[in-house]
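Novice: Show me how the following folds:
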Amino acid sequence: MKNIQNRILLNIDDDGIAWVTLNRPEKLNALDMEMFKALDKTIKLIKSNHDVRCVVVKGEGPDFCTGLDVGSIIKKPMSGIRLLFKWLPGNSNLAQRVSTKWRGLAVPVIMAISGRCWGGGLQIALGGDFRIAEHTASFSIMENHWGLIPDMGGNKALSYLLPMDQAMKLAMTAEEFDASKAKELGIITDVTNDLNQSCRDFANRLMNRSPDAISAIKRLYTTKWHRSERAMLASESLLQVRVLTKRNQRIAVARAKGKAIPFQNSKIR
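Specialist: Residues are numbered from 1 along each chain as shown. Predicted coordinates for the structure are as follows:
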């Protein structure tokens, strides 16, 4: 297990699941500058590790993440500048990378949400491919509570998940809502009474499929979902050809026929 800047615990188990734990429970896993940098580094470490088949992100203690540690950022004005700085307007800055860069991984990312998932915490969760929450979890696009707008990269994910009026309502009111409402809106994938077991079971289901097909599906959907029909059709065909040239496709056929053959470590990037 790696302890990254005393903020993130990273454990890659024997099954290839990377367990990422926000480890600041005494501050309700609120985001300070060290947490931002640790998350950014963690994503890079996972991306470079070819043994990882799935990622689960969770919070230590009762809460996933209660958002920005405003006090710690205000005390160090340069921290705010470092968070928001970017070379090009369309690039992700540090504050945005902790949400957007999960989508760039070639493996599924599951956000395991317990307790409060507010503000920046929800922005991080929106960067995952799936969000599984405990029944007792609560959510809020809380930035406007402080007179701010949500600016950590989760808005793009919201545009896939919600009608615009519903997203604006949540962002404008900064209202708190429970897991059942989040499921009804489509913000979360599933609700459970046993968070760790549900996430492990789902990760195992995903890892029982070809890693090439899994990574290709993720790439297709995250890059072409809101593009034109022509862009989607072209990408479907190109990615399918790439999948068919990999040995994992033939292994998948053999496994479907009952043969116990392990998949190779391979991904479509």
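
Novice: Which positions within stretch 170-177 qualify as buried?
Specialist: For stretch 170-177, burial by neighbour count (16 or more other CB atoms under 10 Å) applies to 170-171, 174, 177. The way it works is simple: take the backbone N, C-alpha and C, and place the C-beta from them, glycine included.

Novice: go on, stretch 135-150?
Specialist: For stretch 135-150, by 16+ other CB under 10 Å, it's 137-144, 150.

Novice: Check the offset of it from the chain's centre.
Specialist: Its chain's C-alpha centre and that of stretch 135-150 lie 17 Å apart, by CA atoms, centre = their mean, to the nearest Å.

Novice: One more: stretch 41-52?
Specialist: Distance of stretch 41-52 from the chain centroid (CA atoms, centre = their mean) equals 14 Å.

Novice: Repeat that for stretch 30-43.
Specialist: That offset, for stretch 30-43, works out to 14 Å (CA atoms, centre = their mean).

Novice: now stretch 249-269
Specialist: Distance of stretch 249-269 from the chain centroid (CA atoms, centre = their mean) equals 26 Å.

Novice: got the end-to-end distance for that stretch?
Specialist: 16 Å (CA to CA, to the nearest Å).

Novice: average pLDDT across that stretch?
Specialist: For stretch 249-269, the mean per-residue pLDDT is 93.

Novice: buried residues in that stretch?
Specialist: For stretch 249-269, the neighbour count (16+ other CB under 10 Å) marks 251-252, 255, 263, 267-268 as buried.

Novice: Tell me which of these fall in helices.
Specialist: Among these, the members falling in helices (DSSP state H) are 251-252, 255.

Novice: all helices for the stretch 51-200 of the chain, in order.
Specialist: 70-75, 77-84, 94-100, 120-126, 154-161, 164-173, 179-185, 195-207 (DSSP state H, counting those that start in this stretch).

Novice: Looking at the ones you listed, spot the one closest to Met1.
Specialist: Met1 lies closest, by CB to CB, to one member of the helices of the stretch 51-200 of the chain: helix 195-207, at 15.8 Å.

Novice: and the next element down the chain from the closest one?
Specialist: The element immediately downstream of helix 195-207 (helix or strand, assigned by DSSP states H and E) is helix 211-224.

Novice: so what secondary structure elements neighbour that following helix?
Specialist: helix 229-244, helix 247-256 (3 or more CB pairs under 8 Å, 6 or more residues apart in numbering; DSSP states H and E).
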